[in-house]
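Participant: Sharing a sequence plus its predicted fold:
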Amino acid sequence: MSCLIVKPWTSILPPGCSPPLIGLFGADAILNDMTLPGVGAPGSAATAAPSNTTLGGIGWGYIYTDWLAQIDYTTPDISGFSFTVGVFDPLNSLTEPADATVEPKKAPGFHAKGSFTMPFSDTSKLYVSVAYLTQKQNYDSTSLGIYNYTGSAVDVFAKFDLANLEVFAYYYHGTGVGTTALFLLGAYNGETRDSDGYLVQGTYKFGALKVGVQYGESKLDFANSADQGANPNLLDNNRKGTVGLYYSLTDNLTLLAEGSETKSKAHDGGENSATTVNVGAFFKF
């Protein structure tokens, strides 16, 4: 069957349809990230003045897909293939010049995703997806005047399941979408910055215990030479490796332990690294 889904939800979903609670770009990476119930990259939660949650792999292998008000259409499954196309309420850039004000968006954002699932047996399958996102930013600046730029990004995700073994690889490339969060550090004075990254992960289940390893990197480039001169300490890359143990005590309660090595590097050579070890519990209801 086909599904027409509107978010925020205004009606009961048809049988067999599930809500796309997050955007399409980056969704497969974040939904399969083993570190989300734990810590992964600690972010500002590990500082003397914590101001945010832990990040998992957000900004360390993929861009946070965000929760988007959206209208999507998904085709029926056709021999393992499915395709989703939709529009979403546009997001404002998080890093425009201080004298810039938001101009009304002339169009929504657009995104799409195609996926293919190939089962080999009852316990093994291959899943591949490609997602795309594009949106225009419109601003009026005292120093730059009225300007706009388009942010766009594409990603590729592949996951293989074989009984208790799961492995996946993910890659993204964007122009004007920035890093960590959509449209964070995506442009300088209206000129777009390129960004890309990847995440690889493998997990194996021994009964109720899941053991996993993960490595990811996110990179950000200068928009131009003026950007390089004005922001020499702009983020160059984030890198993270994590080893984790996750024990399902019940269907709702998971006990976990993780160890992560993280490193951030600026374009001017400045670096910051951290070792994080955490134990805890994740409860869902």
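Facilitator: That came in fine, so what should we check first?
Participant: Start from the N-terminal end of the stretch 1-150 of the chain and give the helices.
Facilitator: Secondary structure of the stretch 1-150 of the chain by DSSP state H, counting those that start in this stretch: the helices cover 27-31.
Participant: for it, which spans come out with low pLDDT?
Facilitator: For the stretch 1-150 of the chain, the stretches with pLDDT under 70 are 1-21, 45-48, 50-51.
Participant: in it, which spans are strands?
Facilitator: 3-7, 70-74, 81-88, 100-102, 109-121, 124-141, 145-162 (DSSP state E, counting those that start in this stretch).
Participant: how about a markdown table for those strands, with mean neighbour count and distance to M34 added?
Facilitator: No exception for glycine: its C-beta is placed from N, CA and C like everyone else's. A markdown table is the format used below for the strands of the stretch 1-150 of the chain (neighbours: other Cβ atoms under 10 Å; distance: least, Cβ to Cβ, whole Å):
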| stretch | mean neighbour count | distance to M34 |
| --- | --- | --- |
| strand 3-7 | 16 | 26 |
| strand 70-74 | 19 | 26 |
| strand 81-88 | 18 | 25 |
| strand 100-102 | 14 | 37 |
| strand 109-121 | 16 | 21 |
| strand 124-141 | 18 | 16 |
| strand 145-162 | 17 | 12 |
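Participant: Out of those, flag the one nearest V177.
Facilitator: strand 145-162 (4.4 Å; Cβ to Cβ).
Participant: Run me through the strand neighbours of the following helix or strand past the closest one, direction for each.
Facilitator: Counting by DSSP states H and E, the element after strand 145-162 in chain order, helix or strand, is strand 165-175. With DSSP bridges as the test, strand 165-175 is paired with strand 145-162 (antiparallel), strand 194-206 (antiparallel).
Participant: The closest residue to A181 other than its chain neighbours: how many residues sit nearby?
Facilitator: Leaving out its chain neighbours, the residue that sits closest to A181 by Cβ to Cβ, 6 or more residues apart in numbering is Y64, at 4.9 Å. Y64 has 20 neighbours, counted by other Cβ atoms under 10 Å.
Participant: Tell me how far Y64 lies from L91.
Facilitator: Distance, Y64 to L91, using Cβ to Cβ, to the nearest Å: 11 Å.
Participant: anything in contact with each of those two?
Facilitator: L182 (Cβ atoms under 8 Å, 6 or more residues apart in numbering).
Participant: Could you check how far the residue lying closest to G86 once chain neighbours are set aside is from V130?
Facilitator: Of all residues not flanking G86 in the chain, D72 sits nearest, at 3.4 Å (Cβ to Cβ, 6+ apart). Relative to V130, D72 is positioned 16 Å away (criterion: Cβ to Cβ).
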